[in-house]
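Undergrad: got a predicted structure plus its sequence, pasted below:
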Amino acid sequence: DVKVTQSSRYLVKRTGEKVFLECVQDMDHENMFWYRQDPGLGLRLIYFSYDVKMKEKGDIPEGYSVSREKKERFSLILESASTNQTSMYLCASSRADRDTEAFFGQGTRLTVV
Amino acid sequence: QKEVEQNSGPLSVPEGAIASLNCTYSDRVSQSFFWYRQYSGKSPELIMSIYSNGDKEDGRFTAQLNKASQYVSLLIRDSQPSDSATYLCAGADTGRRALTFGSGTRLQVQP
């Protein structure tokens, strides 16, 4: 079974803090993704990576950055957390093929106060 | 138009009935589609994928793709209360290696 593991299930951070969300996958997938999910808005793509040290902006990259130093690990960084970044964050991975399904981690519920 | 559109629901069906979930998509999304089920507070899990025009069946689930109408659907036969969840339709983006998701349809199966 594909396993995508996110480092935290719940996080509470203060406004202005730098926040790191970690994601690890064990299926040797080339592609990794960070989405956020908000009620009524569905899943929105923040950033994705198709190779080590490679990254591409998704639809809502503002206020975020990412790091992929190893194939199995993809980190999302909130440079200076704000209350509008309170959300469910979902990491996913997939094979290199373009038309392939993504497998999700359990999600991190981040609250910024 | 959004790339992938779904009716948010809730769609309410009695136990044992057929639930029909629908999704439309724009040209930006390619011809490969996926249905995910998401229980409240949980992450999405893949239940069906469909790549070509027509129907694809897997147990109680049938996915249907109509490329001419840019329409994809999911039928759930013999619906059970445990099927109550939000169902997300996703399409592969033609310009990048990422799935584009609809906002999801909430299904309620009444015992």
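TA: Thanks, I have the structure now. Computed from a predicted model, the values in this text were never measured in an experiment.
Undergrad: how close does the closest residue to residue B:17 other than its chain neighbours get to residue A:74?
TA: Closest residue in space to residue B:17, ignoring its immediate chain neighbours: residue B:79 at 5.4 Å, by C-beta to C-beta, 6 or more residues apart in numbering or on different chains. Yep, even glycine has a C-beta here, placed from its N, CA and C like the rest. Computed with C-beta to C-beta, to the nearest Å, the distance linking residue B:79 and residue A:74 is 36 Å.
Undergrad: just residue A:90 next, same as before
TA: 12 Å.
Undergrad: any shared contact partners between those two?
TA: Jointly contacting residue A:90 and residue A:74 under the rule C-beta atoms under 8 Å, 6 or more residues apart in numbering or on different chains are residue A:34.
Undergrad: between these two, which one's more packed in?
TA: More neighbours surround residue A:74 than the other of residue A:90 and residue A:74, with 29 against 24 (other C-beta atoms under 10 Å in any protein chain shown).
Undergrad: where do the strands of chain B begin and end?
TA: With DSSP state E as the criterion, chain B has strands at B:4-5, B:11-14, B:19-25, B:29-38, B:45-50, B:54-58, B:61-66, B:71-76, B:85-93, B:99-101, B:105-110.
Undergrad: chain center to the fifth one, what's the gap?
TA: It refers to strand B:45-50. What separates the centre of strand B:45-50 from the centre of its chain is 8 Å, taken as C-alpha atoms, centre = their mean, to the nearest Å.
Undergrad: ok, and the closest non-adjacent residue to residue B:69?
TA: The spatially closest residue to residue B:69, leaving aside those adjacent along the chain, is residue B:24, at 8.0 Å (C-beta to C-beta, 6+ apart).
Undergrad: neighbours around that neighbour, how many?
TA: 20.
Undergrad: give the bridge partners for it, please.
TA: Bridge pairing for residue B:24 (DSSP bridges) gives the partners residue B:5, residue B:71.
Undergrad: OK, contacts around it?
TA: B:4, B:5, B:69, B:70, B:71, B:72.
Undergrad: where does it land on pLDDT?
TA: Reported pLDDT at residue B:24 in the predicted model: 94.
Undergrad: do the same with residue A:109
TA: 96.
Undergrad: check contacts around it.
TA: So residue A:109 contacts A:9, A:10, A:11, A:88, A:89 (C-beta under 8 Å, 6+ apart).
Undergrad: please tell me I have it right and residue A:110 contacts residue A:20.
TA: No - counting by C-beta atoms under 8 Å, residue A:110 stays clear of residue A:20, with 11.0 Å between them.
Undergrad: which parts of chain B sit against chain A?
TA: Neighbours of chain A within chain B, by C-beta under 8 Å from any C-beta of the partner chain: B:8, B:30-32, B:34, B:42-46, B:49, B:51, B:88, B:90, B:92, B:96-104.
Undergrad: at 10 Å what do you get?
TA: Proximity of chain B to chain A, by C-beta under 10 Å from any C-beta of the partner chain, involves residues B:2-4, B:6, B:8, B:30-36, B:38, B:41-46, B:48-49, B:51, B:86, B:88-104.
Undergrad: from the chain's centroid, how far away is stretch B:68-76?
TA: Counting by C-alpha atoms, centre = their mean, stretch B:68-76 comes out at 8 Å from the chain centroid.
Undergrad: I should have written stretch A:106-113 there, sorry.
TA: So, by C-alpha atoms, centre = their mean, the centroid of stretch A:106-113 is 11 Å from its chain's centroid.
Undergrad: of all the contacts of residue B:24, which two lie farthest apart?
TA: Greatest spacing in these, by C-beta to C-beta: B:4 and B:69 (14.3 Å).
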